[in-house]
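>>> Quick one, structure for this:
(chains A and B)
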Amino acid sequence: MKFFTTRAGTWTGFGAAALVLFGLAPLLLSGFRLGLLAQFLCYAIVAVGIGLAWGRGGMLTLGQGVFFGMGAYLMAMHLKMADAEFRGGPGAVPDFMELAGIRELPAYWAPFASPAFTIAAILVLPTAFAVLLGLAVFKRRVKGAYFAILSQALAGAFAILLIGQQSLGGFNGLSRFRYFFGYNLDDPVNQQMLYFIVAGVLLAVVAVSLQLRRSRYGELLVAVRDAEERVRFLGYDAANVKVVAYAVAALFASVAGAVFVPIVGIISPASIGIVPSIMFILGVAIGGRASLVGPVVGALAVAWAQTALSEQFPSAWTYAQGLMFILVIALLPGGIASTAAVLKRIPTKRATVEATT
Amino acid sequence: MPLRTKLEARSLTKSLAAAAAAACLVATAACGSKAGEETAAVESCVDTSGDTVKVGSLNSLSGTMAISETTVRDSIALAVKEINAAGGVQGKTIEIVAEDGASEPTVFAEKAEKLIREDCVAAVFGGWTSASRKAMLPVFEDNDSLLYYPVQYEGLEASENIFYTGATTNQQIIPALDYLAETGVESIYLVGSDYVFPRTANAIINAYAEAHGIEVLGEDYVTLGSTEFSTIVTQVKSAGADAVFNTLNGDSNVAFFREYANVGLTAEEMPVMSVSIAEEEVGGIGVENIEGQLAAWNYYQTVDSPANGSFVEAFKAEYGADRVTSDPMEAAYTSVYLWAATVEKAGSFAVADVQEAADGVSFDAPEGTVVIDGDNHHVSKTARIGEINADGLLYTVWESEGPIEPDPFLEGYDWAADLAVTE
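Numbers count the residues shown, from 1 in each chain, chains lettered A, B, ... in the order given. Sure, this is the predicted structure:
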């Protein structure tokens, strides 16, 4: 394992991941399975952010669905606008609004006709929101369970807010996207292209996360997690340190939501509320929150297991999934990423217990 | 753990630039059709060379909708079993591939795609909420496959790739209003869950009321699953309407009717017309809270017809004497038979052939004879107003004169001109 922390090892790791994602997966998987993998990779992107905020920074963010949802709805608005424009010319009302009896395009929708504005909004809005929220919360030294509860309540409130917005599709959400920046979404070639985009984003996000972890900032973040008071006495503003990690996690989640929409074809409040937010956390916990690839592995494993189990046992898969969670948490408290360390410990019980972080 | 193996910022920038360049290269080399260009037609992988033909049954078997949707799964399985016992479709035995929609629209979309592309099913039966149907619609259109959707819904939709065997608004809501108007109701109060069906239904009710001189005294929405009704019921009581039109869904009904009975409102004084309460739900609400109240559907377990007699008997024999049959279950059961009859008529399982042959296909369903309308893919249905009795069953107190032709966009109603949007 030490090899992967060297520079050559880092490149080898990225090279291998790229080979699997860009070479093996498209070769071995059917179009449908590749689409599913693309969806799972979106969850993995969210997980990398949570790994940073929770695993390294100790902030248990139970509300990443908020940022995921922001990115997703912003992208979905653009796709609906592009669709309306293609069918009915500039200023046309998206089809779902016609059904809901909305005849005039709401003013806040208009800018989303522009692809550039949409991409900027996806990158800036959720991040800015996270910074403001982070400043408000961390400056007041809200942490631990209080922060977790607050973030979860936020996810619940966000979903309820969206259900009430008929101009955002309400309970049904937004669906039926036909074009992605000018390309037909029903074309298998374009669907594969979307997969490549997601895979590329995931690698980039992991690279950013790695860079942050290895920087001085990354050490400061871990220090804040382990002994916030001490860091404060050393003269650092612990709140600012946390805000940065929280905002980066929000940015990752937003980007993941934005690519999720054209891949899955629907975004509704059901995909961003409390339950999906907890599923994000579960993936990270199962994979190993403190390691770099643990969250990615965990998110993929949880999503894959859910699909595989429900296909095998359509009426009893939830029990099997629950059992899997219990087993992993009981036997591998450090997540899947700690498997090697746990196995190493078994034959030589007297050996000193290694720190798994 | 060795600390800080420095990866220079410059090298990261370099590698990101390289990655971006590679992505651009792939992008220009491997992009498919653009907007406006035709996408190559999707090849269907349905295999009908053997002795069997696969169909999908896609219902929520977990999550909040499981309690309703498992009953639909059961009646789909019953219909398939009966058809197989009678020799199958085109001489082939039907094989069900079951999937769990998990009460989540994204899962419905995912599983629908899996059924079409991996299992190569000839048709899919299922879906309940409008959200799940809206999520599945693009999947069925893009892959050119067939969905049979068995639940009453808000109308304003007609996809080539979906057959709607539940009621649209002119087969359920409008007859319910006609019935209320006939019995002398001059003012109503609207209570509903906050999602698309109640909102659309209430838009229609408001337009109807305006055209027919009925006064709408109030319109309240609660979030799905909400159980706090003391304020709303108090408002309903003080408004003193002649009737209440209830489009609540799920658990909210339990709380609403308990509160309704608590404040002393009765069916004689202020009847409640519900569009989402069937035999299954009455038990959960408690008969004592809801006895005498009204419901609008196309089918009740008590419908008196030979076809219904054998349906109820077969269902109880298969799943237990304590089980009840309800409207969505009957519509799902009917949908399997309609599909089989259409395939027999077309002499083919191919989607295009089934779409072509669908117009006029009929089935002697438990609710009465239903006929597919080839233009909008809905079916003609008899509307029935039912009263909830002490035994927990619903009994027909009024029914339309014969089946009503489906009109999902309400084109045949002048007062609905502002509501209907044709595609």
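
>>> Please count neighbours and contacts with C-alpha atoms only from this point.
OK.

>>> Counting neighbours, what do you get for residue 286?
Here I'm looking at chain A. For A:I286, the neighbour count with other Cα atoms under 10 Å in any protein chain shown is 27.

>>> oops, chain B please
15.

>>> Past whichever strand or helix holds A:A308, which element shows up next along the chain?
Using DSSP states H and E, the secondary-structure element containing A:A308 is helix A:294-312. On the C-terminal side of helix A:294-312, the closest following helix or strand by DSSP H and E is helix A:317-331.

>>> which residues are contacting the helix holding A:A308?
A:40-41, A:43-45, A:47-48, A:50-51, A:280, A:282-289, A:316-318, A:320-321, A:335-337, B:99-100 (Cα atoms under 8 Å, 6 or more residues apart in numbering or on different chains).

>>> What about these, which are in helices?
Counted as lying in helices by DSSP state H, out of the contacts of helix A:294-312, are A:40-41, A:43-45, A:47-48, A:50, A:280, A:282-287, A:317-318, A:320-321.

>>> out of these, which touch chain B?
A:T318 (Cα under 8 Å from any Cα of the partner chain).

>>> Drop anything exposed from the ones in helices among the contacts of helix A:294-312.
Buried subset of the ones in helices among the contacts of helix A:294-312 (neighbour count, 16 or more other Cα atoms under 10 Å in any protein chain shown): A:40-41, A:43-45, A:47-48, A:50, A:280, A:282-287, A:317-318, A:321.

>>> thinking again about what came up before, got the buried residues for the helix holding A:A308?
Going by neighbour count (16+ other Cα under 10 Å), the buried part of helix A:294-312 is A:294-303, A:305, A:307, A:309-311.

>>> got the angle between that helix and helix A:317-331?
Using axes from the mean of the first three to the mean of the last three Cα atoms, to 10 degrees, the interaxial angle of helix A:294-312 with respect to helix A:317-331 works out to 150 degrees.

>>> Give me the mean pLDDT for helix A:294-312.
In this model, helix A:294-312 has a mean pLDDT of 94.

>>> okay, that helix in PDB with CA atoms only?
As requested, C-alpha coordinates have been extracted for helix A:294-312 and formatted as PDB (Å, rounded to 0.1, in the frame of the first residue of the first chain):
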ATOM      1  CA  GLY A 294     -12.700   4.200   0.100                       C
ATOM      2  CA  PRO A 295     -15.700   6.500  -0.600                       C
ATOM      3  CA  VAL A 296     -15.600   5.800  -4.300                       C
ATOM      4  CA  VAL A 297     -15.400   2.000  -3.700                       C
ATOM      5  CA  GLY A 298     -18.200   2.200  -1.100                       C
ATOM      6  CA  ALA A 299     -20.500   4.300  -3.200                       C
ATOM      7  CA  LEU A 300     -20.100   2.000  -6.200                       C
ATOM      8  CA  ALA A 301     -20.400  -1.100  -4.000                       C
ATOM      9  CA  VAL A 302     -23.600   0.100  -2.300                       C
ATOM     10  CA  ALA A 303     -25.300   1.100  -5.500                       C
ATOM     11  CA  TRP A 304     -24.200  -2.000  -7.300                       C
ATOM     12  CA  ALA A 305     -25.300  -4.300  -4.500                       C
ATOM     13  CA  GLN A 306     -28.700  -2.500  -4.400                       C
ATOM     14  CA  THR A 307     -29.200  -3.100  -8.100                       C
ATOM     15  CA  ALA A 308     -27.900  -6.700  -8.100                       C
ATOM     16  CA  LEU A 309     -29.800  -7.700  -5.000                       C
ATOM     17  CA  SER A 310     -33.100  -6.200  -6.200                       C
ATOM     18  CA  GLU A 311     -32.800  -7.900  -9.500                       C
ATOM     19  CA  GLN A 312     -32.200 -11.200  -7.800                       C
END
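
>>> Reduced to three states, what does the residue nearest to the spatial centre of chain B come out as?
In chain B, the centroid-proximal residue (Cα atoms, centre = their mean) is B:V151; its distance is 2.7 Å. B:V151 carries the three-state label coil when classified by DSSP: H, G, I helix; E, B strand; the rest coil.

>>> I'd like to know how far A:A207 sits from chain B.
In this structure, A:A207 lies at 8 Å from chain B, with Cα to the nearest Cα, to the nearest Å as the measure.

>>> so how many other residues sit close to that residue?
There are 18 residues near A:A207, going by other Cα under 10 Å.

>>> Kindly report the same for B:S305.
Summarising burial for B:S305: neighbours were counted as other Cα under 10 Å, giving 13.

>>> so B:Y299, which of the three states?
Of the three states, B:Y299 takes coil under three-state DSSP.

>>> Likewise for A:L60?
Assigned state for A:L60: coil (three-state reduction, three-state DSSP).

>>> thinking it is in contact with A:W54, fair?
Yes. Counting by Cα atoms under 8 Å, A:L60 sits close enough to A:W54 to count as a contact (5.1 Å).

>>> wait, the residue nearest to the centre of chain B sits on B:T165?
Yes. B:V151 lies in contact with B:T165 (Cα under 8 Å); the separation is 6.9 Å.

>>> what residues do these two have in common as contacts?
Residues touching both B:V151 and B:T165 (Cα under 8 Å, 6+ apart) are B:331-332.

>>> Quick check: the residue nearest to the residue nearest to the centre of chain B when sequence neighbours are not counted vs A:S310, distance?
Leaving out its chain neighbours, the residue that sits closest to B:V151 by Cα to Cα, 6 or more residues apart in numbering or on different chains is B:G166, at 4.4 Å. Separation of B:G166 from A:S310 (Cα to Cα, to the nearest Å) stands at 27 Å.

>>> helix or strand for residue 102, which one?
You didn't pick a chain, so chain A it is. With elements taken from DSSP H and E, nothing contains A:I102; it lies in neither a helix nor a strand.

>>> OK, contacts around it?
So, once contact is read as Cα under 8 Å, 6+ apart, A:I102 ends up touching A:S167.

>>> now it: how far from chain B?
From A:I102 over to chain B the distance is 10 Å, taken as Cα to the nearest Cα.

>>> For chain B, what's the nearest residue on the stretch 251-357 of chain A?
Closest residue of the stretch 251-357 of chain A to chain B, Cα to the nearest Cα: A:P314 (5.2 Å).

>>> So, low pLDDT: which residues of chain B?
For chain B, the stretches with pLDDT under 70 are B:1-30, B:40-42, B:420-423.

>>> Now B:A340. Nearest residue, chain neighbours left out?
With Cα to Cα, 6+ apart as the criterion, B:A340 has its nearest non-adjacent residue at 5.9 Å, and that residue is B:V89.

>>> For that neighbour, give the beta-bridge partners.
The partner list for B:V89 in beta bridges (DSSP bridges) reads B:K92.

>>> Does B:Y337 touch B:L78 like I think?
No. With contact taken as Cα under 8 Å, B:Y337 and B:L78 are classed as non-touching, separated by 10.7 Å.

>>> quick one, which of these two is more surrounded?
Set side by side, B:Y337 and B:L78 show more neighbours around B:Y337, with 22 against 19, by other Cα under 10 Å.

>>> Point me to the helix or strand that includes the more buried one.
Mapping B:Y337 onto the secondary structure by DSSP H and E places it in helix B:327-346.

>>> So for that helix, what gets flagged as buried?
Of the residues in helix B:327-346, those scored as buried under the neighbour-count criterion (16+ other Cα under 10 Å) are B:327-346.
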